[in-house]
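J.: Predicted model and sequence follow; I will ask about them next.
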Amino acid sequence: MSLKNRRENGVDQLMMSNIISEWFYLYNKDIYHFLVYYIGSTDVEDLVQEVFIRAIKGFDTYQKKSSPKTWLFSIARNVGIDEIRKRKRLRMKQMMWSRDEQTGKETPEEILQLNEDNKLLYQAIQSLKANYRDVIILRGIKELSVAETASILSWNENKVRTTYHRALKSLQQGRGEYLYEKE
């Protein structure tokens, strides 16, 4: 590699690093909140970092067809899916080793962190099927547009609208069940 190529490559790396740093500053809280709702846990700081690490690694694949925010949400969704799969595998292993242990229960400290309304909402969202959960978090909680949500989920806009409507109905029914159980 010539000196000129190495210099250009170094400049490109520096520009990419600056861009990702700026995106982190702008969007890390949005990604954090998305993952909290998606995973159903407040312990997602490592996952937020993973999103931006993947963004750095895949920066060359970023196409400017969508905004950086929607691209990062797509990455966050994939990170969330991977984490849920990882947790399910871990739970299965734990269940196989000790059937008497109850796994997946939140600690009292985690429960106290969330106020009662949010806890019920988290439980209701977690009870939804994956497509409903995705669209509720992106449209209802993160308030992304139909177009942005369609881009992130690789759906058409009509599917986003229809699924969102159905998910809201399901969520309302689910919240009612959680409220009824608590009374």
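T.: The structure has been received and is ready for your questions.
J.: Does the residue nearest to the spatial centre of the chain lie in a helix or a strand, and which?
T.: The centroid of the chain falls nearest to residue 35 when counting by Cα atoms, centre = their mean (3.5 Å). According to DSSP states H and E, residue 35 maps onto helix 3-39.
J.: Please compute how far that helix lies from its chain's middle.
T.: 17 Å (Cα atoms, centre = their mean, to the nearest Å).
J.: Give the other helices and strands that that helix contacts.
T.: helix 45-57, helix 68-97 (3 or more Cβ pairs under 8 Å, 6 or more residues apart in numbering; DSSP states H and E). No exception for glycine: its C-beta is placed from N, CA and C like everyone else's.
J.: mean pLDDT for those: which is lowest?
T.: In terms of mean pLDDT, the lowest-scoring of those is helix 68-97 (a mean of 84).
J.: Could you give the separation of it from the chain centroid?
T.: Using Cα atoms, centre = their mean, the offset of helix 68-97 from its chain centre is 9 Å.
J.: Return the residues in contact with residue 158.
T.: By Cβ atoms under 8 Å, 6 or more residues apart in numbering, no residues touch residue 158.
J.: Quick one: mean pLDDT over the helix or strand that it is a member of.
T.: In the assignment (DSSP H and E), residue 158 maps to helix 157-182. Averaged over helix 157-182, pLDDT sits at 76.
J.: cool, and stretch 124-142?
T.: Rounded mean pLDDT across stretch 124-142 is 89.
J.: What lies in contact with it?
T.: The contact list for stretch 124-142 (Cβ under 8 Å, 6+ apart) reads 30, 33-34, 37-38, 40, 73, 77, 144, 146, 148-149, 152-153, 160, 163-164, 166-168, 170-171, 174-175, 177-178.
J.: And the buried ones among these, selectable in ChimeraX?
T.: In ChimeraX, this line selects whichever of those come out buried by 16 or more other Cβ atoms under 10 Å:
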select :30,34,37,38,40,73,77,144,146,148,149,152,153,160,163,164,167,170,171,174,175
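J.: Tell me how far residue 171 lies from residue 149.
T.: 16 Å (Cβ to Cβ, to the nearest Å).
J.: Equivalent analysis for residue 33, please.
T.: Applying Cβ to Cβ to residue 33 and residue 149 gives a distance of 15 Å.
J.: now residue 62
T.: For residue 62, the distance to residue 149 - Cβ to Cβ - is 19 Å.
J.: Would you mind listing the residues in contact with residue 62?
T.: 55, 68, 71.
J.: which parts of stretch 59-76 are buried?
T.: Those would be 59, 66, 68, 69, 70, 71, 72, 73, 74, 75, 76, for stretch 59-76 by 16+ other Cβ under 10 Å.
J.: leaving aside the residues next to it on the chain, what's closest to the third one?
T.: Pointing back at residue 68 there. Of all residues not flanking residue 68 in the chain, residue 23 sits nearest, at 5.2 Å (Cβ to Cβ, 6 or more residues apart in numbering).
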